[in-house]
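Undergrad: when you get a sec, could you give me coordinates for this:
(chains A and B)
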Amino acid sequence: RKEVEQDPGPFNVPEGATVAFNCTYSNSASQSFFWYRQDCRKEPKLLMSVYSSGNEDGRFTAQLNRASQYISLLIRDSKLSDSATYLCVVNKDTDKLIFGTGTRLQVFP
Amino acid sequence: DGGITQSPKYLFRKEGQNVTLSCEQNLNHDAMYWYRQDPGQGLRLIYYSQIVNDFQKGDIAEGYSVSREKKESFPLTVTSAQKNPTAFYLCASKGIVRGYTFGSGTRLTVV
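TA: Residues are numbered from 1 along each chain as shown, chains lettered A, B, ... in the order given. Reported below is the predicted structural model:
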């Protein structure tokens, strides 16, 4: 079983749609959780950290369910510019990150 | 503005050659990392260093070597022992305030 699992997609959605991505992780001792965005042939960039109480940043909402070891990302009112691969990232030990393989999102006009 | 610089952006290697990828940061971060990404795959940790003159193997260290003689620099050497080196290589550093910052990557191709 992979340490971090994501549906690879692609998710093809029209502009304005709401889309949700899920991620599961295997290490119950993990303490830090993130969503990164990666554009084609570019480096990953931090989209948002994920907190236990859930958190929102504009059109993006992240949720964490520790009991189920499950993380989600919700994108509302999708824009063309949201097209990218979204990486679920979980810490392992103190200073190491484990990356999921990513979920590809394509927003069409 | 501080950041991480990786060079070169593209690198071509002949089979049997060693090549060195550069990673420099001016963020004053103690921890630095090297990841490898293959198409359709997540990032996999090659080596990491939490302090100058110290480094540890990651999950896929075989065929790679690193050094950390200066805080700002963490070069990665891809040796001839690495049988499948064609990949996208990403360097990152970690600080207390900014968290993880990635360089723009080096694409290595074996020709």
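Undergrad: now B:G16: which helix or strand?
TA: Following DSSP states H and E, there is no helix or strand that holds B:G16.
Undergrad: from what I can see it touches B:Q82, true?
TA: No: B:G16 is beyond contact range of B:Q82, at 11.0 Å (criterion: CB atoms under 8 Å). Any C-beta I mention is one placed from the backbone N, CA and C, and that applies to glycine too.
Undergrad: which of the two has more neighbours?
TA: Taking other CB atoms under 10 Å in any protein chain shown, B:G16 and B:Q82 do not tie; B:Q82 has more neighbours (23 against 8).
Undergrad: can I assume the more buried one sits in a helix?
TA: No: under DSSP: H, G, I helix; E, B strand; the rest coil, B:Q82 falls outside any helix and is assigned coil.
Undergrad: packing partners of the lowest-mean-pLDDT helix or strand in chain A?
TA: Taking mean pLDDT, DSSP states H and E as the measure, chain A has strand A:96-99 as its least confident helix or strand, at a mean of 88. With contacts defined as 3 or more CB pairs under 8 Å, 6 or more residues apart in numbering or on different chains; DSSP states H and E, strand A:96-99 has these neighbours: strand A:84-92, strand B:31-37, strand B:43-51.
Undergrad: run the chain-centre distance for that strand.
TA: A distance of 13 Å separates the C-alpha centroid of strand A:96-99 from that of its chain, computed with CA atoms, centre = their mean, to the nearest Å.
Undergrad: run me through the strand neighbours of it, direction for each.
TA: strand A:84-92 (antiparallel) (DSSP bridges).
Undergrad: so the partner strand versus strand B:43-51, what angle?
TA: If you take axes from the mean of the first three to the mean of the last three CA atoms, to 10 degrees, strand A:84-92 sits at 50 degrees to strand B:43-51.
Undergrad: list the contacts of strand A:84-92.
TA: Strand A:84-92 has contacts (CB atoms under 8 Å, 6 or more residues apart in numbering or on different chains) with A:3-4, A:6, A:21, A:23, A:25, A:27, A:30-40, A:44, A:47, A:71, A:73, A:97-100, A:102-105, B:42-43.
Undergrad: so of those residues, which ones are in strands?
TA: A:4, A:6, A:21, A:23, A:25, A:33-38, A:44, A:47, A:71, A:73, A:97-99, A:103-105, B:43 (DSSP state E).
Undergrad: where does the chain dip in pLDDT?
TA: Because you didn't say which chain, this covers chain A. Applying pLDDT under 70 to chain A flags residues A:94.
Undergrad: the intended chain is chain B.
TA: B:1, B:97-98.
Undergrad: got a list of what the most centrally placed residue in it touches?
TA: For chain B, the residue nearest the mean C-alpha position is B:W34 (3.3 Å; CA atoms, centre = their mean). By CB under 8 Å, 6+ apart, the contact list for B:W34 reads B:21, B:23, B:45-48, B:58, B:64, B:66, B:74, B:76, B:89-91.
Undergrad: if we use 7 Å, what do you get?
TA: B:46-47, B:66, B:76, B:89, B:91 (CB atoms under 7 Å, 6 or more residues apart in numbering or on different chains).
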